[in-house]
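**Q** Need the 3D shape of this:
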Amino acid sequence: MMLPWRRTALTATPLRHLALGGRAEPIAVCGQRYGYAPWRFRHRGDLHRVYRIEAVHDKGGRSPRRYFMVLCADGTSRTLFQDLRAGTWHLER
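**A** Predicted coordinates for the structure are as follows:
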């Protein structure tokens with residue numbers, strides 16, 4: 001299922017940025033909701049709690065990914081993605 005992207009004041013990363021592939025840093029997802037949505041993640045030693053998921057988008061192809069636009073509890077908006085083949089998580093920079 002593919003959900004459309006929504007742009008709000010809190011989600012400043014447009015879809016075209018994701019398609020171009022920015023820099024990605026590995027993260028550790030410490031908890032998931034419903035078996036797939038990130039709930040908490042660790043980045044550079046700091047633990048971040050996801051307050052709300054703004055949008056979800058799947059990208060197919062040779063390296064399928066699932067993107068999550070999330071609002072963290074500290075008020076920052078971040079883009080996380082999961083490499084569906086490798087099962088690894090990354091933070092889009």
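**Q** quick one: strands adjacent to the longest strand along the chain?
**A** Longest among the strand segments of the chain by residue count, using DSSP state E, is strand 46-59. The strands beside strand 46-59 in its sheet (DSSP bridges) come out as strand 37-43 (antiparallel), strand 65-72 (antiparallel).
**Q** So for the protein, the centremost residue is which one?
**A** When Cα atoms, centre = their mean is applied to the chain, the residue found nearest the centroid is L80 (1.9 Å).
**Q** Unless I'm misreading it, it sits right up against W39, doesn't it?
**A** No: L80 lies out of contact with W39 (Cβ atoms under 8 Å); the separation is 11.2 Å. Using the backbone N, CA and C atoms, a C-beta is placed for each residue, glycine as well.
**Q** Out of the strands paired with strand 46-59, which is closest to L84?
**A** strand 65-72 (6.1 Å; Cβ to Cβ).
**Q** got the contact list for that closest one?
**A** Strand 65-72 has contacts (Cβ atoms under 8 Å, 6 or more residues apart in numbering) with 5, 10-11, 13, 18, 36-38, 48-59, 77-84, 92.
**Q** and for L80 and W39, which residues touch both?
**A** Joint contacts of L80 and W39 (Cβ under 8 Å, 6+ apart) are V29.
**Q** for I53, what are its contacts?
**A** A37, P38, F68, M69, V70, L71.
**Q** By pLDDT, give me the weakest of those.
**A** Lowest pLDDT among the contacts of I53: A37, with 89.
**Q** number of nearby residues for that residue?
**A** Neighbours of A37 under the rule other Cβ atoms under 10 Å: 17.
**Q** H48 now?
**A** With other Cβ under 10 Å as criterion, H48 counts 20.
**Q** Nearest residue to it in space, ignoring adjacent ones along the chain?
**A** Of all residues not flanking H48 in the chain, C72 sits nearest, at 4.9 Å (Cβ to Cβ, 6 or more residues apart in numbering).
**Q** ok, what's across the strand from the one you found?
**A** With DSSP bridges as the rule, C72 is bridged to V50.
**Q** how about the residue located most distally from the centre of the chain, secondary structure?
**A** Most distant residue from the mean C-alpha position of the chain: R62, 19.0 Å away (Cα atoms, centre = their mean). Reduced to three states with DSSP: H, G, I helix; E, B strand; the rest coil, the structure at R62 is coil.
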